[in-house]
Each structure stands twice: as C-alpha cells, then as structure tokens.
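In: what follows is a predicted protein model with its sequence.
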Amino acid sequence: MHRHRAGPIAALAAALLLSLGAQGATLARATLTVTDLEASLAFYRDLLGFRVAARMDYDTPALRRMFRIPPGATPTLVLLDGEGQPRALGLVAADGLAVDREANRSHAPALVVNIDAIAEVDRRLRAAGTPVVVPPTPLKAFDGRVMGTEAMYLDPDGVRIVLFDVAGGSATEPEPQSKE
C-alpha cells in the first residue's frame, strides 16, 4: 500500500497548529493588500460594518517586504475594528502595488466573517454590485442540524469573503451563482 508523505508545507502547517494550541495564541489580525483603498473601505466598512480604527502612512522594512511595496511608493495602512475585535483587519495599499484578482478568485484562502442580519447585509452587497459566489444558505453543524446561515461574496480584489450568521438570519432562496 502506498503511503502519502506530507510535504514540507503540510508539516509546517501541522507544527504551527500544534504550537498555537500549546502557546494559547490568538490571531491578532488578517491583513490584505488592496488595489483601491477607497473601494475596499466602502466594502469592509460600509457594507460589512467594520469600523476604521486607524489610517496612516506606514512604512517599515517588514511591511515593505511582506507586501512587496514598489520602490518609492509609500504604503498606507488602515486598521479596522470588528465587533469586540480591535484592529481585526488591516488593508494595505500603495501606488503600483500589484494584486492578482484572478489568483485571489481561484486560489486565495477565504476571509471568514461572523455577522448578524445576513439578509440585510446580502441586500446591501447585492445593491452595491458585489459578486455573489454562494447566496445565503442554511449553515449546517457537523451533526447536520441547521445552526444559521452562510454566504460567500468577492471583495473588490477578488478575495473570497464567507459570511456566517449563527445568531439567526434566514437563508433566502438560492439565486444563480456568479463565476468564481
């Protein structure tokens, strides 16, 4: 019988997960590079309900290298608060910063957001022309019981945004899905 050997990335991920559990670590923030800061702010702030905590020109060697900031460009960092989560999301933009929308649409991981009132948020997103990948549908627990509603959309740079409404919300009738 052929045994599949874990590659170096799988081994690193497993070690990271084990160390996070052992250390009691928490996620400080997710940070995304964006091509149009104002369009991304309109999406995350105005449509999803995040609040701007800070906005600054922020240039450090680590930020410049991590997000491949072009030489001569000054990066802008916007930190957004979630409900009960200070600075939960960061947005980085700079002149000439390349974001591969197609790679985001087809290969990037999803950003998962807990929200209330998914039907209302779904209406706002659709009215703003946000691409719908999966319309609001029942969210099932591992045991099969319905525990809320989930949906998936694309942000202005093609990043998958999964919304969970476990506080209530109701799934609407599925509509045609956009191409991912």
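Out: Nice, thanks for sending it over. Numbers count the residues shown, from 1 in each chain.

In: quick one: the strands in the protein, in order.
Out: Assigned by DSSP state E, the chain shows strands spanning 30-33, 51-57, 76-82, 85-93, 111-114, 132-140, 146-154, 160-165.

In: which strands border the first one, and is each parallel or antiparallel?
Out: If I follow you right, that is strand 30-33. Strand 30-33 pairs in its sheet with strand 85-93 (parallel), by DSSP bridges.

In: same deal with the last one?
Out: In its sheet, strand 160-165 lies beside strand 111-114 (parallel), strand 146-154 (antiparallel), with partners assigned from DSSP bridges.

In: which of the residues in the shortest one are buried?
Out: Counting neighbours by 16 or more other C-beta atoms under 10 Å, one finds that the buried residues in strand 111-114 are 111, 113. From N, CA and C alone the C-beta is placed, and that goes for glycine too.

In: and that strand, C-alpha only, in PDB?
Out: Once non-C-alpha atoms are left out, strand 111-114 reads as follows in PDB (Å, rounded to 0.1, in the frame of the first residue of the first chain):
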ATOM      1  CA  LEU A 111     -11.700  35.500   4.900                       C
ATOM      2  CA  VAL A 112     -14.500  34.300   7.200                       C
ATOM      3  CA  VAL A 113     -16.600  37.000   9.000                       C
ATOM      4  CA  ASN A 114     -19.300  36.400  11.600                       C
END
